[in-house]
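Engineer: Generate coordinates for the sequence data below:
(2 chains)
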Amino acid sequence: MIEIKNISKSFSGVQVLDDVSFTFQKGKTNLIIGKSGSGKSVLTKCIVGLLEPDEGEIIYDGRSFRGINNKERKEIRKELGMLFQGGALFDSLSVEENVAFPLKMFSNFSKEEILERTNFCLNRVNIINKNNLFPAEISGGMQKRVAIARAIAMNPKYLFCDEPNSGLDPVTAIVIDELIKEITEEYQMTTVVITHDMNSVLEIGDNIMFIFEGMNKWVGDRNTILNTDVIELNNFVYVSKFLRQFKEML
Amino acid sequence: MFYHIGRYTTMLSYLFAKPERVSTYWKRLIDEIIQLGVKSLFMVVLMSAFMGAVLVIQTASAIESAWIPDYTVGFTVKQTLILEFCPTIISLILAGKVGSNIASELGTMRVTEQIDALEVMGVNSIGFLIGPKILGSLFIFPILIMYSMFFGFVGGWALCYLTEIIPIEQYLLGIQSFSYENYEYLRYALVKTVFFAFIITSVSSYFGYYTSGGALEVGKSSTKAVVYSSILILMFNVLLTQLLLD
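Structural biologist: Residues are numbered from 1 along each chain as shown, chains lettered A, B, ... in the order given. Reported below is the predicted structural model:
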């Protein structure tokens, strides 16, 4: 479980996050949704420590992530896995080397154990016989799956996914969404997904926070999001004319 | 300017953090020695050989006189190559090749979030990415410069052999003359090279690592890396020459 309390962040006087609080639950797919520029990515970067919030607290299972030294922060980071928007696979390493990278850096596994774990993770995301290819030689969907394999290689307690299906076709996007949900439930991870894709929201949203102009405007799940009274969220969910007509029919 | 100096110093301080896994860093160091040094060898050898040949022609035509012995050409070429051409001019050329390579590599890693990925994993990204580049260049650049000196002499020798602009024996005599001073000059050249290697890799890494934005900014970082490395090399050239030779 990850708790964020009263997180605020501004850049050059512009308030990007304003007093955001939320609890990301264990074993559930927690979603942060909102328009582009609403502060989702900044919030995630604050949670994983890539940015330092101006105010507020971040607590990983009772352990505060702020006001701790580098060593303690590294220990918590070893329990994090993150899937970046573009995959962020290392260009100079093959698929196998990318997945094995965190294991080589932080585990005490032997070479054989690293290979075994790497193949297990790649099989888990349905990447087979691609071990020696480089990221540039595989498709975008495969890159995302390899990035998921790398993110889960160290068996993390917390998984962060920044717009996991951006740039993917709807079919591949659903495959990635389902994979994230399966992995979350299988390993009982606390998963945080940032998205503005309503398909994902309705497919995997167990616990959802809607951010609007840096503020937490709504909290709920995929069953309640379609019936909300919050105007900003309604404008986000029923964005097209077709969806608005659909809502009127409901 | 003070902001950049402060951030550059902070970046360097991260190089002294304990490596997460020494064996991985060792492999990176070997890769960087190959990437930065061995892959520049052909270019350095080729340029040095041609420059050695040109120096022979220029020196021979400039001091053409019955009062000046022919071996002066060899001596002048040797002094020019050891003191200035090999350590400084080759370092400036390496600033262009290696500096832009480092800045664009790190800049691309930054804008594609690969550096963020390392940080989230708990890896000291500065130590992991930049440390081996600096160490590798400190080791390989002096070797490159010694190759440059040798092939500069060979270029001059080949020109004498092919054109008989001066007798080869006279050229070799000039190259070998005042050999007791050569070690002192060689030490000066190598000390300069070590400083230049540090400037090229650390300054280029700084601009690459702190790139923000997209492809356009990667290109700008690459240009800044070359420009600032070159300026600093020329400034330190004056300073080090004053300190080491005066």
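Engineer: shaky segments in chain B?
Structural biologist: Across chain B, residues meeting the criterion (pLDDT under 70) sit at B:178-180.
Engineer: in the helix ranked longest in it, what counts as buried?
Structural biologist: Of all the elements of type helix in chain B, the one with the most residues (DSSP state H) is helix B:131-163. Residues of helix B:131-163 classed as buried under the neighbour-count rule (16 or more other CB atoms under 10 Å in any protein chain shown) are B:131-137, B:139-142, B:144-145, B:147-153, B:155-160. C-betas here are computed from N, CA, C, even on glycine.
Engineer: Can you name the residues of chain A that neighbour chain B?
Structural biologist: Within chain A, the positions near chain B by CB under 8 Å from any CB of the partner chain are A:48-50, A:73-75, A:77-78, A:80, A:82, A:84-86, A:88-91, A:101-102, A:104-106, A:160.
Engineer: Ramachandran angles for residue A:196?
Structural biologist: phi -130, psi 20 (degrees, to the nearest 10).
Engineer: tell me the contacts of it?
Structural biologist: A:33, A:34, A:35, A:36, A:40, A:163, A:236 (CB atoms under 8 Å, 6 or more residues apart in numbering or on different chains).
Engineer: same thing with residue A:103?
Structural biologist: A:109, A:114, A:117, A:118, A:153, A:154 are the contacts of residue A:103 under CB under 8 Å, 6+ apart.
Engineer: Same question for residue A:30.
Structural biologist: Under the criterion of CB under 8 Å, 6+ apart, the contact list for residue A:30 reads A:24, A:190, A:191, A:192, A:193, A:206, A:207, A:208, A:209.
Engineer: Repeat the analysis, applying 10 Å as the threshold.
Structural biologist: A:1-2, A:22-24, A:159-160, A:184, A:190-194, A:204-209, A:221 (CB atoms under 10 Å, 6 or more residues apart in numbering or on different chains).
Engineer: next one: residue B:26
Structural biologist: Contacts of residue B:26 by CB under 10 Å, 6+ apart are B:19, B:132.
Engineer: Which residues of chain B lie near chain A?
Structural biologist: For chain B, the contact set with chain A under CB under 10 Å from any CB of the partner chain comprises B:17-21, B:23-25, B:27, B:31, B:35, B:105, B:108-109, B:111-124, B:128.
Engineer: Going through the residues you listed, which ones are buried?
Structural biologist: Of the residues of chain B next to chain A, these count as buried by 16+ other CB under 10 Å: B:19-20, B:24-25, B:35, B:105, B:108-109, B:111-124, B:128.
Engineer: Those in helices, which ones?
Structural biologist: Residues of these located in helices (DSSP H): B:24-25, B:105, B:108-109, B:111, B:114-121, B:128.
Engineer: do you know how far residue A:58 is from residue A:5?
Structural biologist: Distance of residue A:58 to residue A:5, computed by CB to CB, to the nearest Å: 8 Å.
Engineer: what is in contact with the two at once?
Structural biologist: Counting by CB under 10 Å, 6+ apart, the common neighbours of residue A:58 and residue A:5 are residue A:64.
Engineer: which of these two has more neighbours?
Structural biologist: More crowded of residue A:58 and residue A:5, by other CB atoms under 10 Å in any protein chain shown: residue A:58, with 19 against 15.
Engineer: Using neighbour counts, pick out the buried residues of the helix or strand harbouring that one.
Structural biologist: Following DSSP states H and E, one finds residue A:58 within strand A:55-60. The neighbour-count check on strand A:55-60 (16+ other CB under 10 Å) flags A:56, A:58, A:60 as buried.
Engineer: Look up phi and psi at the residue positioned nearest the centre of chain B.
Structural biologist: What sits nearest the mean C-alpha location of chain B, by CA atoms, centre = their mean, is residue B:91, with 3.0 Å. Per-residue torsions, residue B:91: phi -60, psi -40 (degrees, to the nearest 10).
Engineer: Also residue A:229?
Structural biologist: phi -100, psi -10.
Engineer: same deal with residue A:172?
Structural biologist: Backbone geometry at residue A:172, expressed as degrees, to the nearest 10, gives phi -60, psi -40.
Engineer: Please name the spatially closest residue to it (chain neighbours excluded).
Structural biologist: In this structure, residue A:172 finds its nearest non-sequential neighbour in residue A:141, 3.9 Å apart by CB to CB, 6 or more residues apart in numbering or on different chains.
Engineer: Would you mind giving the domain segments of chain A?
Structural biologist: Here the domain parsing of chain A from automatic domain parsing is A:1-79+A:158-171+A:181-250, A:87-155.
Engineer: Confidence-wise, which of those domains is weakest overall?
Structural biologist: Among the domains of chain A, domain A:1-79+A:158-171+A:181-250 carries the lowest mean pLDDT, at a mean of 86.
Engineer: Next, find the distance separating residue A:235 from chain B.
Structural biologist: With the distance defined as CB to the nearest CB, to the nearest Å, residue A:235 ends up 30 Å from chain B.
Engineer: ok, how many other residues are close to that residue?
Structural biologist: 12.
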